[in-house]
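In: mind folding the following:
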Amino acid sequence: MDSNKQIDLNIVIVDDIPENLQLLSNFLKNTGYRVRPFTKGSLALNAIEKETTNLILLDVNMPEMNGYDFCAIVKENPKTKHIPIIFISALTETFDKVKAFKAGGVDYITKPFQYEEVLARVKTHLSLFEIQEEIKAQNKNLTDTLARLKEAQQQLVQSEKMASLGVLTAGIAHEINNPINYISTSSQALLKVERKIRNLCSNNANFNNENKKQIDDLLIDFSELTSNVIVGVDKITKILHGLRIFSRMDVSAKHPFDIKEIIESALVILHNQYKNKITIETDFQKVSVINGYSSKISQAFINFIKNAIDAIDAKIEKSNMETIHIQLFEENNTIVVKISDTGIGMNSHDLNHIFEPFYTTKPVGKGTGLGLSISLGIIEEHNGTIEAKSTQGKGSEFIIKIPITTKNKDYEA
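Out: Residues are numbered from 1 along each chain as shown. Take a look at the predicted model:
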């Protein structure tokens, strides 16, 4: 042990015989340690509470408080329980040694002792003490670093979510604008139809066949316009529901949710990006409800489907048969989702790196390179896996598997 370090190490000696106390204290001081001697356990307990202590050398047979009782008090105190204690006693029976170790001692030296033996054991246990304290400090640093990493990861997930929202906003605005136009146009037409019906009713006391036909035609128009309003409202409701799931900040506690609903909401949100150019084929079987974070899972599946859309958009020559196929089923107590596309595909090098942060196959400005990395983290957070397959020029397939826990089985989708 470095001599400079020894000066900073504080040893407490407790022995009711002053002669023994003085001899041992002088020896350790001459070796370079800081020593505080005490003839009473109560005085020593008060001292180690107030000043840092690295090691205690403790006699067993003492008046007022024996070594076993002293050791028990030290080990019960959260502030002092980490301090190593070496018993020094004339008691040589195995029973006494075992009792010392049970009380919390780390070593036992019998009297009369050899100073070289005492010094060797003191050095050993002080070195162990330093190593343990260093490990504790490193563990604390690791815990703090992990906490910061989790916070940074959460901020990264939220940043990617906001970036995705920015990309989706224009399409969502267009998607909502269409049903709003349905509602607006149909509502105005409904008012005109309602006025015509009122006029016919007020101007004709006796209805003839022609009047009845006019009213029947107007009622048909009324019914069609009402249906348009209902369709428009339903479409807006679905879009807003999908946005609610996607934007939800559910980081505090897991909750049961239907993954089929998550995928359908993702398709609603992305509808403007694939309509009129890509056919979406779905094969959804009945599956168990998952217990987890619905907003995060929503973000992951929006990323998977958006990547499939981008892969098809990246093709120079497109056919009228471009397709994204989504399959959902349950197998071996696991939810399985397969998302395949007829997109541009990837080579083996890109396939091996797509889940790395900031790695992207898209042109500059078209992607952050975080989508799949974050999606992998989200799926792994739910104890799941992702397998990617791709053939350049033919398309890609992502297979997502999320296990169903026993708790999840209590719910049915």
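
In: check contacts around the closest residue to residue 330 other than its chain neighbours.
Out: Once flanking residues are discounted, residue 330 sits nearest to residue 287: 4.3 Å by CB to CB, 6 or more residues apart in numbering. Using the backbone N, CA and C atoms, a C-beta is placed for each residue, glycine as well. Shown in contact with residue 287 (CB atoms under 8 Å, 6 or more residues apart in numbering): 259, 260, 328, 329, 330, 335, 413.

In: filter these down to the buried ones.
Out: Neighbour counting with 16 or more other CB atoms under 10 Å marks 259, 260, 328, 335, 413 as buried within the contacts of residue 287.

In: from residue 280, how far off is the third one?
Out: Distance from residue 328 to residue 280, counting by CB to CB, to the nearest Å: 13 Å.

In: in strands, which of the contacts of residue 287 appear?
Out: If you go by DSSP state E, the contacts of residue 287 have 328, 329, 330, 335 in strands.

In: pLDDT of stretch 18-26, averaged?
Out: In this model, stretch 18-26 has a mean pLDDT of 89.

In: mind starting the numbering at 44 from now?
Out: Understood, numbering begins at 44; the last thing we discussed is stretch 61-69.

In: okay, buried residues for it please.
Out: Quick answer for stretch 61-69 (16+ other CB under 10 Å): 63, 64, 67, 68.

In: closest one to residue 154 out of the residues you listed, please.
Out: residue 63 (8.0 Å; CB to CB).

In: might you report the residue contacts of the residue nearest to that closest one when sequence neighbours are not counted?
Out: Using CB to CB, 6+ apart and skipping the chain neighbours, the partner closest in space to residue 63 is residue 102 (7.6 Å). Counting by CB under 8 Å, 6+ apart, residue 102 touches 57, 58, 59, 60, 63, 110, 130, 131, 132.

In: at 10 Å what do you get?
Out: Neighbouring residues of residue 102 by CB atoms under 10 Å, 6 or more residues apart in numbering: 56-60, 63-64, 67, 82, 84, 109-110, 113, 130-134, 154.

In: ok, of those, which come out buried?
Out: Buried members of these, scored by 16+ other CB under 10 Å, are 56-59, 63-64, 67, 82, 84, 109-110, 113, 130-132, 134.

In: which ones among the residues you listed map onto strands?
Out: Among the buried ones among the contacts of residue 102, the ones falling in strands (DSSP E) are 56, 57, 130, 131, 132.

In: contact partners for the second one?
Out: When you say that, I think you mean residue 57. Residue 57 is in contact with 64, 79-84, 86-88, 90-91, 99-102, 105, 108, 110, 113-114, 128, 131, counting by CB under 10 Å, 6+ apart.

In: please tell me how far it sits from residue 83.
Out: According to CB to CB, residue 57 and residue 83 sit 8 Å apart.

In: would you map the helices across the protein?
Out: Secondary structure of the chain by DSSP state H: the helices cover 46-51, 61-74, 84-93, 110-119, 137-146, 158-246, 252-290, 302-312, 314-317, 337-356, 391-396, 414-424.

In: packing partners for the last one?
Out: In terms of contacts (3 or more CB pairs under 10 Å, 6 or more residues apart in numbering; DSSP states H and E), helix 414-424 is packed against helix 158-246, strand 333-335, helix 337-356, strand 428-434, strand 438-446.

In: at 6 Å instead, please
Out: helix 337-356 (3 or more CB pairs under 6 Å, 6 or more residues apart in numbering; DSSP states H and E).

In: quick check: mean pLDDT of the helix it packs on?
Out: Averaged across helix 337-356, the pLDDT comes to 89.

In: so what's the gap between it and the chain middle?
Out: Helix 337-356 has its C-alpha centroid displaced from the chain centroid by 19 Å (CA atoms, centre = their mean, to the nearest Å).

In: quick one, domains of this structure?
Out: Segmentation of the chain into domains, based on automatic domain parsing, reads 46-156, 194-290, 292-456.

In: and the residue nearest to residue 132 when sequence neighbours are not counted, what are its phi and psi?
Out: Leaving out its chain neighbours, the residue that sits closest to residue 132 by CB to CB, 6+ apart is residue 103, at 3.9 Å. The phi and psi values for residue 103, taken as degrees, to the nearest 10, are phi -90, psi -60.

In: nearest to residue 150, of the ones in strands among the contacts of residue 330?
Out: residue 378 (55.8 Å).

In: run a quick check on the closest one versus residue 445, I expect a contact.
Out: Yes - counting by CB atoms under 6 Å, residue 378 touches residue 445, with 4.7 Å between them.

In: coming back round to it: how about JSON lines for the domains of the chain, with distance to residue 182 added?
Out: Shown next, in JSON lines, are these (distance: least, CB to CB, whole Å):
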{"stretch": "domain 46-156", "distance to residue 182": "13"}
{"stretch": "domain 194-290", "distance to residue 182": "19"}
{"stretch": "domain 292-456", "distance to residue 182": "23"}
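
In: mind checking these for the one nearest to residue 172?
Out: Of all those, domain 46-156 sits nearest to residue 172, with 5.4 Å by CB to CB.

In: where does the stretch 344-456 of the chain dip in pLDDT?
Out: Scanning the stretch 344-456 of the chain for pLDDT under 70 picks out the ranges 405-412, 449-456.

In: run the last query once more with 90
Out: 345-346, 357-364, 391-421, 424, 436, 447-456 (pLDDT under 90).

In: what's the closest non-adjacent residue to residue 376?
Out: Of all residues not flanking residue 376 in the chain, residue 447 sits nearest, at 5.2 Å (CB to CB, 6+ apart).

In: tell me how far the one you found lies from residue 304.
Out: Going from residue 447 to residue 304 by CB to CB gives 16 Å.

In: for residue 365, same thing?
Out: Residue 365 is 26 Å from residue 304, where distance means CB to CB.

In: these two: who's more crowded?
Out: Set residue 365 next to residue 304 and count neighbours by other CB atoms under 10 Å: residue 365 wins out with 19 against 16.

In: is it true that the more buried one touches residue 324?
Out: No - in this structure, residue 365 is not within contact of residue 324 by CB under 6 Å, at 11.2 Å.

In: residue nearest the centroid of this structure?
Out: Centroid-nearest residue in the chain: residue 424, 5.6 Å away (criterion: CA atoms, centre = their mean).

In: ok, now how distant is that one from residue 448?
Out: 13 Å.

In: hmm, back to that, okay if I get the contacts of residue 330 as JSON lines plus distance to residue 432?
Out: Formatted as JSON lines, the contacts of residue 330 follow (distance: CB to CB, whole Å):
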{"residue": "302", "distance to residue 432": "21"}
{"residue": "303", "distance to residue 432": "23"}
{"residue": "371", "distance to residue 432": "18"}
{"residue": "372", "distance to residue 432": "17"}
{"residue": "373", "distance to residue 432": "21"}
{"residue": "378", "distance to residue 432": "19"}
{"residue": "456", "distance to residue 432": "27"}
